[in-house]
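K.L.:
Structure of the sequence below:
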Amino acid sequence: MPDAQEPDENEWHERALCSQTDPEAFFPEKGGSTREAKKICTGCEVRAECLSYALANDERFGIWGGMSERERRKLKRRAV
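P.N.:
Now for the predicted structure:
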């Protein structure tokens with residue numbers, strides 16, 4: 001059971017702008033545009049939590065925290 005002072009680790013998802021929009025924008029077809037999803041992410045209050053989640057869980061598909069899978073891979077490589 002989580003500590004009462006520790007927020008649910010996925011609570012951020014409920015506040016994410018992507019949860020209020022078309023999920024297909026965040027999972028474009030291969031070669032499809034990521035522009036719409038990234039634009040939504042720029043105004044999202046939980047963008048950092050989203051990106052941290054994607055990096056920690058090795059999300060391989062979709063736009064998370066305003067970054068594509070390729071961008072997240074580059075970020076991880078630079079961090080090592």
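K.L.:
CA atoms for contacts and neighbours, from now on please.
P.N.:
OK.
K.L.:
Now stretch 31-39: buried residues?
P.N.:
Thr34, Ala37, Lys38 (16 or more other C-alpha atoms under 10 Å).
K.L.:
Let me have those residues in CSV, extended by pLDDT.
P.N.:
CSV is the format used below for those (pLDDT from 0 to 100):
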residue, pLDDT
Thr34, 93
Ala37, 96
Lys38, 96
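K.L.:
Mind checking which of those residues land in helices?
P.N.:
Among those, the residues falling in helices (DSSP state H) are Ala37, Lys38.
K.L.:
Just the closest of the buried residues of stretch 31-39 to Gln20, please.
P.N.:
Ala37 (11.9 Å; C-alpha to C-alpha).
K.L.:
Any figure for the gap between that closest one and Ala16?
P.N.:
Using C-alpha to C-alpha, to the nearest Å, Ala37 is found at 12 Å from Ala16.
K.L.:
quick one: low-confidence parts of the chain?
P.N.:
1-9 (pLDDT under 70).
K.L.:
Tell me which residue is most central in it.
P.N.:
Trp64 (2.0 Å; C-alpha atoms, centre = their mean).
K.L.:
Arg15 against Val46, yeah?
P.N.:
Yes: the criterion here is C-alpha atoms under 8 Å, and Arg15 meets it with Val46 at 7.0 Å.
K.L.:
So between these two, which is more surrounded?
P.N.:
For the pair Arg15 and Val46, the greater number of neighbours falls to Val46 (18 against 13), based on other C-alpha atoms under 10 Å.
K.L.:
Contact partners for that one?
P.N.:
By C-alpha atoms under 8 Å, 6 or more residues apart in numbering, the contact set of Val46 is Trp12, His13, Arg15, Ala16, Gly65.
K.L.:
for Pro23, same thing?
P.N.:
Under the criterion of C-alpha under 8 Å, 6+ apart, Pro23 has no neighbours.
K.L.:
Against Val80, how distant is the residue nearest to the centre of the chain?
P.N.:
For Trp64 relative to Val80 (C-alpha to C-alpha), the value is 20 Å.
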